[in-house]
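Visitor: Here is my input; please provide its structure:
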Amino acid sequence: MEAAAEHVLAETGFARYEISNYAKPGKACRHNLLYWTGGEYLGLGPSAQSYLEGTRFGKIADLESYVDTLGNHHLPIVDQTTLSTSEQQRDALVFGLRLLRGVPRPISRAAERDRQIDELLAKGLLDSDHDRVWMTPLGRRYADTVAETLF
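Guide: This next block holds a predicted model:
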């Protein structure tokens, strides 16, 4: 079904730019690209998720609790996590690999990360040149395995 969908979409001018997304040239979803390239975003309202200055956080999901917390002059933030530099680099690698263009190779310079990448290259799940690393078509099918190996 994946091959059939890609064929039909290609015939109508759509190109795959990410694991599960296609767009016409110049029309890729900026919202998704922001996530996959490590951009910052601020979510507003109950259950909203945000990523600012290396910190991920979510808002209270329950509407009544959300309103009560704001009414008490507190931010309705839950699940706040500040990522270390190495965690930010790991996320840039894992999320960036969702894009067909992959990620710059230098992002993976830690010895353990290099071993993991070499393992995925040997299995045919990743491919690379001297500048970039990207998922192969097989790797896209097993994207969760790739992410789990690198996480």
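Visitor: can you map out the strands along the chain?
Guide: For the chain, strands defined by DSSP state E occupy the ranges 15-18, 21-23, 49-52, 55-59, 77-82, 103-104, 126-128, 132-135.
Visitor: quick one, what contacts the most centrally placed residue in the chain?
Guide: In the chain, the residue lying closest to the centroid (CA atoms, centre = their mean) is residue 95, at 2.8 Å. Contact analysis of residue 95 by CB atoms under 8 Å, 6 or more residues apart in numbering lists 35, 36, 37, 38. Using the backbone N, CA and C atoms, a C-beta is placed for each residue, glycine as well.
Visitor: do you know how far the first one is from residue 17?
Guide: Per CB to CB, to the nearest Å, residue 35 is found 13 Å from residue 17.
Visitor: For those two, work out which one has more neighbours and name it.
Guide: Using other CB atoms under 10 Å as the criterion, residue 35 and residue 17 rank with residue 17 on top: 19 against 16.
Visitor: Skip the chain neighbours and tell me the closest residue to the more buried one.
Guide: Excluding the flanking residues, the one nearest residue 17 by CB to CB, 6 or more residues apart in numbering is residue 28, at 4.9 Å.
Visitor: What residues of the helix-or-strand element of the chain with minimal mean pLDDT count as buried?
Guide: Lowest by mean pLDDT, DSSP states H and E among the helices and strands of the chain is helix 111-122, with a mean of 86. Neighbour counts over helix 111-122 (16 or more other CB atoms under 10 Å) mark 113, 116, 117, 120 as buried.
Visitor: Then stretch 56-70?
Guide: Residues of stretch 56-70 classed as buried by neighbour count (16+ other CB under 10 Å): 57, 58, 59, 60, 66, 69.
Visitor: pretty sure the last one contacts residue 60?
Guide: Yes. Residue 69 is in contact with residue 60 according to CB atoms under 8 Å; the separation is 6.1 Å.
Visitor: Quick check: end-to-end length of stretch 53-69?
Guide: 24 Å (CA to CA, to the nearest Å).
Visitor: where do the helices sit along the chain?
Guide: 2-11, 30-36, 63-71, 85-96, 111-122, 137-141, 143-150 (DSSP state H).
Visitor: mind checking the backbone torsions on the residue of the chain most remote from its centre?
Guide: Distance from the C-alpha centroid of the chain peaks at residue 72, with 34.9 Å (CA atoms, centre = their mean). Residue 72 has phi and psi values of phi -90, psi 20 when expressed as degrees, to the nearest 10.
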